[in-house]
Structure formats: structure tokens, C-alpha cells
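Enquirer: Just a sequence and a predicted model for now, questions to come.
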Amino acid sequence: MPPAITAEQLSKTFRVKVRGPGLRGAIEALLRPRYRDVHAVREVTFRIDPGEIVAFLGPNGAGKTTTLKMLAGLLYPTSGRVEVAGFVPWSGGPEFKRRIALVLGNRQQLVWDLPPEETFQLNRAIYEIAPAAYRERLAELVTLLELGDVLDKPVRQLSLGERMKCELAAALLHHPPILFLDEPTLGLDVTAQEAIRRFLAEYRDRHGATVLLTSHYMQDVTALATRVLIINRGRLLYDGALDALVARIARTKRLELVLGGGDGVTAETLAAFGAVKSFRFPNAVLEVPRQEAAATSARLLAALPIADLSIEDPPIEEVIRQAFTHGVEEDDS
Amino acid sequence: MSRLAEWARRYGALIRNAWLVDLQYRASIVLWIIWGVTEPTIALGIWWAIAGDGQVGGYARADFARYFFALMLVNQLTIAWDSWYLDRWIREGDLNYRLARPLHPAHEAVADNIAYKARSAGVILVVWLVAALVWPAVRLPLAPGRWALTALAVVLAAAMRFFISFATGLLAFWTTRATAIMGLHGGVALFLSGRIAPLALLPPAVAGVAAVLWFPYMLAFPVNLLTGSVHGTAALLHGFAGQIVWLALWVGAYRLAWTRGLRRYGAVGG
């Protein structure tokens, strides 16, 4: 099967006006405009197979949204090649647009003053969805997203979570095989985030859709994505499974202890075995070099009254932060 | 046939949504319609006072009355607000999802135009009919041929004003001043399109400038057609030719601005 999304050596350079501060800067910019090249995306190459859910990770300004917009055909690449669903996005026209959905977490297509169902009806006409198919799909989306009691309320009266669910429903009525989701859980509370995640997983399972999503919430990534693309300063740093990334770059393991016996054990005692991340009797967390985790555990069990011990990877947020700051080269130290 | 039906359904849905949104903003719609009636009424009041019992440039009081009632209607049928919408879509990023849909954003704008023109012109027509019941001066003779020609001229004028507004709004791809440019255009049009006075009353130098530009074809020509002051086949053909030529030029300007603007948007982002 050909890949759903192909990006080869994809680059995007913006030319931005440089402006000094204050009135003087404004006048100078007017008389003698100076420009600077911003390399938003640099030679990014990846392939996504049909049915994959891939998370795009990176700090703000890393190039995630720019890449997403190139894949959706809103921006054209400075160089490189893109193919999505067999189309070159920029010149794909209506046939290409019928095959994708683009959901921008900070922008909405729902008509603000009308109930969401009016936007659904509009999209039914725009995407030329047959009445029977529309009814069936709407019913499915209403069930999966639990939209029953919000369909007839004006969008402006909906909560952020309800609005995002409706946004997704509006974007998926035409059953696009490819979904681009930019921060779909932005600003949502935990329950709403979970609902969106459950929905996306279920939708993919039912319809085999390919999903590329960006998010700052690691739960989105761990719950949904089998694969992550990590991008920083426009460069692709990592492309692969999340646990492989952890194994590759996490220098440490965390030993989570529950101490038994009396309270004779102090932070100082524990410090002899590794870095004490937290200690409140009887719970303690130690961080030790990855390769020493097993040996240190054995020493701990021998030396201290331990009721329970588990070896964990560091929190995924920490691993990702490390990837952003130090890259993803394997740590040989 | 089924393609046509699909397009009819799309336009139907777009117009329906525009009306539903209108219903949410009833007060502001009423205010806009009041303004649409007030401006020509004030102009009429001034010329009414100036004309007195005589004539100004061939216009007696009754002629002014008919002129400004016709203007009220034609203006509502041809006015276009698209540059304001486009400016917002482009600056605030609402163009993004519109570009990701399999429907050119201009269709949404056209449907919106149809929706608010039908709504405001309907109200103006009622105002005119009520006025005509009590005021013989503003009655028009039953002349189906003239009305048909006026309808054609109104469609051409509406199309031209739409493309002027859309193309100017697209300047938002390059500048934050697109609506200011449109405002300036509106200011010039106030005089050169016949909104403040019939063009026959303009000083010859100003009328000369207006004659070589698109402004008279936006309003004055269809208004004069409706009031019966376009005399002879030559004047008629000249008017329609002017409308068609300027419409073609503005369609060209729109196409240029759209393709260049989109390329720029694609280059610098939204």
C-alpha cells in the first residue's frame, strides 16, 4: 500500500521584515526595510502509512504547524516534495480537499451564532454528502462524541470541550481518510481531553483514517500515537516509537521505593544509592544511571528495609524535554 | 443537471446560514437599513430645498424624489461589504479552514451578498411602495422593458461592486490597510457614482473624470435607467458597454490579486 503521507526533504523558509524598537525602528523599517530568513522547516523527511496515528512533538515555534499547513496545502514548500493521499497538496484542488480534514485548535469553523447542526448542514452541502450518508455519519459522530444535547444550542453557549467535539464532528462528516489536527485538546479539561482521545482512537479503528496530530499534552501522545515525530528549530530530530525514544535517550531510571520498618531511613541514607528526587516516609523516588538500575536495586534491597520497589522510566515529559534540549543522540556515558 | 442541483444546494445552504445569522443580529440589521434609507433621504432633502419650485440642471423636485428613491433601491441591490470580511479572514486566520474546504471562498461571499441584498432591498421596496401610495411623485410608470433593462444593469453593477470589494479586500494579503483603501474608494464613489447628486449636476471637470472611470456604472447608470433618464439606443449601449468593460477589468484585478495573494499567503503564512 502506498504511504498516506510522504514528505521528502521538505523545507519552508519565511522572509520576515526586521524592525527595530520604537518610532525610530518603525521609520527605518519603512525607509530601508531589512529582511531576515526564518527557516521554519528544514529538510524534513518522513512517511506515514494509512491508518497510522502519528504525533508531532516540538516546542512552540518548532515548525509543527508550518509542516501541517504544507501537508494540508495552505502553504507551499520552499523546497522538497509532499504527497498526501496521492495528491500534491498545494495544487490538489477540491478533490484533494475532500480527502483531508484540518482542525486547528485555536480556530473554529463552527458558525459562532448558530447551533452546530447548522454548520454540519452547511458542510453536508459543501462536501456534497448524500442525505442518507449524512444522517448515518451524524448519528455515529453524535454517539461517539456524546453530542446529543448540544446540537441545538448556539455555539457561543457551548463549553470549550463541547465546541471542540463539534469542531471534530464538522470536520469529519465527509469521512476524510486523512486528518490533520493541530492541538485538538488545547485548553480542554482532563475529562474533555480524554473524550477527544477516546473518540480519535475509535474513529481510526472504525474507518482506518490516518491521523497526524500536534499536541503539548503528553497524554495525547501516549494514549493515541504509536509513533512520534520530534521536531525542533525546523529539523526532524526523531521518528519512531515512543518507548524506543525513551530507551534511547533516557540516561536514568527511577527507583520508586516504599520503605518498611521504622523511620530510621533518612534522605542522607538514600543519597548514597542515587539522586533523591522525592522523599516522604515511607515513599521515596531515586534516580540512578540507567545501566546501574538493577545493581542499585539489589543493593537497596539488601541494605534497607524495603516493602516495595519498582523500576520506572522517567516521566515522558522529561524525556521529551531532554530530546528538545540535547537532541536524541544515544547517550554513551 | 445533478451538478447544477449540487450547486443550488450549496448556495441554498450558504444563503440559509447567512439569514439565520442575520436573525441573531436583528438590531444591527435594522440600523443598517435605516442608514440605507437615511442617506438618500438627506440628499433628497437638500436638493428638494435647492430646487424650490424651479429646476436644477434639468431636475425638478419630483425628478429628485424619483432619482433618490431609485438610488436607495439600486444601492442596496449592488452594495458589497466583502473587503471587510476578507480583511478579517486574512488577518485573523479564518481563511485557513475556508481554503481547506472544496469550495472557493468567493462562493460564500457571493451567497452572502445574495442573502443581504434580498433582505435589505425587500425592505426598501416596501418603503418605496408605501411612499408611492401617498406620494405620486415617486411612482414609476409600468414599463416592463425598462425594468428588465434595469435588472440587467443592476446585476452587472452588483457584480462589478462585488469584484471591486473582493479584490480590494484581498490587498489584506499585503497590507493592513485594505479596509482603509476601500473606505477611500467609498468616499470618492459618494461623488462620482451619483450617490450625493445626479451626475448631471457635477461640475464639468468632475463629471469628465467620472466619465472615464467605473464609478458611474456602479450606480448612476442603473438608477438613470430605472427613472427613465437614459435616452436613445446610443446612450443605452454606451452604458452597458461601460459596465461590461469595467466589470471585465475588475474581474481581472480580482484574479490577479487572488492568485498572487494566495501565493504570497502560501509563502509567508497566515
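Expert: Noted; the coordinates are in hand.

Enquirer: for the chain, what spans make up the helices?
Expert: No chain in the question, so chain A it is. Along chain A, the stretches classed as helices by DSSP state H are A:22-31, A:64-71, A:93-97, A:116-126, A:131-145, A:160-172, A:190-207, A:218-224, A:242-249, A:267-271, A:293-303, A:316-326.

Enquirer: you looked at the wrong chain, it should be chain B
Expert: So, for chain B - with DSSP H - the helices run B:2-24, B:26-51, B:61-78, B:82-92, B:95-99, B:105-134, B:144-169, B:178-192, B:204-211, B:215-218, B:220-227, B:233-268.

Enquirer: Could you pull up the residues touching the nearest residue to B:Trp32 once chain neighbours are set aside?
Expert: Leaving out its chain neighbours, the residue that sits closest to B:Trp32 by C-beta to C-beta, 6 or more residues apart in numbering or on different chains is B:Ser120, at 7.2 Å. Backbone N, C-alpha and C define where each C-beta goes, glycine included. Listed by C-beta atoms under 8 Å, 6 or more residues apart in numbering or on different chains, the contact partners of B:Ser120 are B:32-33, B:36, B:76.

Enquirer: what does A:Pro3 give?
Expert: With C-beta under 8 Å, 6+ apart, A:Pro3 has these contacts: A:47-50, A:83.

Enquirer: which one of the helices of chain A is the most hemmed in?
Expert: Across the helices of chain A, averaging neighbours per residue (mean count of other C-beta atoms under 10 Å in any protein chain shown) puts helix A:64-71 on top, at a mean of 25.

Enquirer: what's it packed up against?
Expert: strand A:5-18, strand A:34-48, strand A:53-57, strand A:79-84, strand A:178-182, strand A:210-214 (3 or more C-beta pairs under 8 Å, 6 or more residues apart in numbering or on different chains; DSSP states H and E).

Enquirer: Out of these, which is closest to chain B?
Expert: Of all the helices and strands packed on helix A:64-71, it is strand A:5-18 that lies closest to chain B, at 5.7 Å by C-beta to the nearest C-beta.

Enquirer: List of residues touching that closest one?
Expert: With C-beta under 8 Å, 6+ apart as the test, strand A:5-18 has contacts from A:29, A:33-48, A:63, A:66-67, A:70-71, A:75, A:77-85, A:178, A:210, A:212, A:234, B:267-269.

Enquirer: rerun at 6 Å
Expert: Applying C-beta atoms under 6 Å, 6 or more residues apart in numbering or on different chains, the external contacts of strand A:5-18 come out as A:33-48, A:66, A:77-84, B:268.

Enquirer: Look through the stretch 201-333 of chain A and state the residue closest to chain B.
Expert: A:Gly234 (13.4 Å).

Enquirer: doesn't A:Val44 make contact with that residue?
Expert: No: counting by C-beta atoms under 6 Å, A:Gly234 does not reach A:Val44; the two are 7.6 Å apart.

Enquirer: Make a markdown table from the contacts of B:Ser120 and add neighbour count, distance to B:Leu236 and pLDDT to it.
Expert: Listed next are these as a markdown table, based on neighbours: other C-beta atoms under 10 Å in any protein chain shown; distance: C-beta to C-beta, whole Å; pLDDT from 0 to 100:
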| residue | neighbour count | distance to B:Leu236 | pLDDT |
| --- | --- | --- | --- |
| B:Trp32 | 17 | 33 | 85 |
| B:Ile33 | 19 | 31 | 85 |
| B:Gly36 | 20 | 28 | 87 |
| B:Gln76 | 22 | 24 | 93 |
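
Enquirer: from these, which is closest to chain A?
Expert: B:Trp32 (16.6 Å).

Enquirer: do you know how far the closest one is from A:Arg251?
Expert: Taking C-beta to C-beta, to the nearest Å as the measure, B:Trp32 and A:Arg251 are separated by 66 Å.

Enquirer: what residues does the stretch 101-250 of chain B put near chain A?
Expert: For the stretch 101-250 of chain B, the contact set with chain A under C-beta under 6 Å from any C-beta of the partner chain comprises B:101-103.

Enquirer: For the residues you listed, which entry has the maximal number of neighbours?
Expert: Highest neighbour count within these: B:Arg101, with 22 neighbours (other C-beta atoms under 10 Å in any protein chain shown).

Enquirer: which residues touch that residue?
Expert: So B:Arg101 contacts A:Ile126 (C-beta under 6 Å, 6+ apart).

Enquirer: Which residue is it, in the stretch 101-250 of chain B, that comes closest to chain A?
Expert: Closest point on the stretch 101-250 of chain B to chain A, by C-beta to the nearest C-beta, is B:Pro102, at 3.5 Å.

Enquirer: Name the nearest residue to that residue, sequence neighbours excluded.
Expert: Closest to B:Pro102 by C-beta to C-beta, 6+ apart is A:Pro94, at 3.5 Å.

Enquirer: about what we covered before: report the contact partners of the residue of the stretch 101-250 of chain B closest to chain A.
Expert: A:94, A:97-98.

Enquirer: Quick check: phi and psi at it.
Expert: phi -80, psi 50 (degrees, to the nearest 10).

Enquirer: Can you check the pLDDT for it?
Expert: pLDDT recorded at B:Pro102 is 95.

Enquirer: now swap in A:Arg235 and tell me
Expert: A:Arg235 is given a pLDDT of 92.

Enquirer: Identify the bridge partners of it.
Expert: Beta-bridge pairing for A:Arg235 (DSSP bridges): A:Asn232.

Enquirer: need the contact list for the closest residue to A:Pro89 other than its chain neighbours.
Expert: The shortest distance from A:Pro89 to any non-neighbouring residue, by C-beta to C-beta, 6+ apart, is to A:Gly73 (3.3 Å). Contacts for A:Gly73 (C-beta under 6 Å, 6+ apart) come out as A:89-90, A:92.

Enquirer: Now render the residues you listed as TSV, adding neighbour count and pLDDT.
Expert: Listed next are the contacts of A:Gly73 as TSV, based on neighbours: other C-beta atoms under 10 Å in any protein chain shown; pLDDT from 0 to 100:
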residue	neighbour count	pLDDT
A:Pro89	23	95
A:Trp90	18	91
A:Gly92	20	91
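
Enquirer: Go through those and flag which are in strands.
Expert: Residues from the contacts of A:Gly73 lying in strands, with DSSP state E as the criterion: none.

Enquirer: tell me which of those residues is nearest to chain B?
Expert: For the contacts of A:Gly73, the nearest to chain B is A:Trp90 (6.8 Å; C-beta to the nearest C-beta).

Enquirer: Isn't the closest one up against A:Leu75?
Expert: No: using C-beta under 6 Å, A:Trp90 is not in contact with A:Leu75, being 7.9 Å away.

Enquirer: Can you list the neighbours in contact with stretch A:315-324?
Expert: Contacts for stretch A:315-324 (C-beta under 6 Å, 6+ apart): A:59, A:218, A:230, A:232, A:246, A:249-250.

Enquirer: how far is that stretch from where the chain is centred?
Expert: Chain-centre distance of stretch A:315-324: 14 Å, with C-alpha atoms, centre = their mean, to the nearest Å.

Enquirer: next one: stretch A:243-262
Expert: Taking C-alpha atoms, centre = their mean, one finds the center of stretch A:243-262 at 25 Å from the center of the full chain.

Enquirer: what does it contact?
Expert: Under the contact criterion C-beta under 6 Å, 6+ apart, stretch A:243-262 has outside partners A:238, A:265, A:282-287, A:290, A:293, A:305-314, A:319, A:322-323, A:328, A:330-331.

Enquirer: let's go with 7 Å and repeat that
Expert: Contact with stretch A:243-262 is made by A:228, A:238, A:265, A:274, A:277, A:281-290, A:293, A:296-297, A:300, A:304-314, A:316, A:319, A:322-323, A:328, A:330-331, as judged by C-beta atoms under 7 Å, 6 or more residues apart in numbering or on different chains.

Enquirer: Counting neighbours, which of the residues you listed end up buried?
Expert: Buried positions within these, assessed by neighbour count (16 or more other C-beta atoms under 10 Å in any protein chain shown), are A:228, A:238, A:265, A:274, A:282, A:284-288, A:290, A:293, A:296-297, A:300, A:304, A:306, A:309, A:314, A:316, A:319, A:322-323, A:328.

Enquirer: Enumerate every residue touching A:Asp49.
Expert: A:1, A:3-4.
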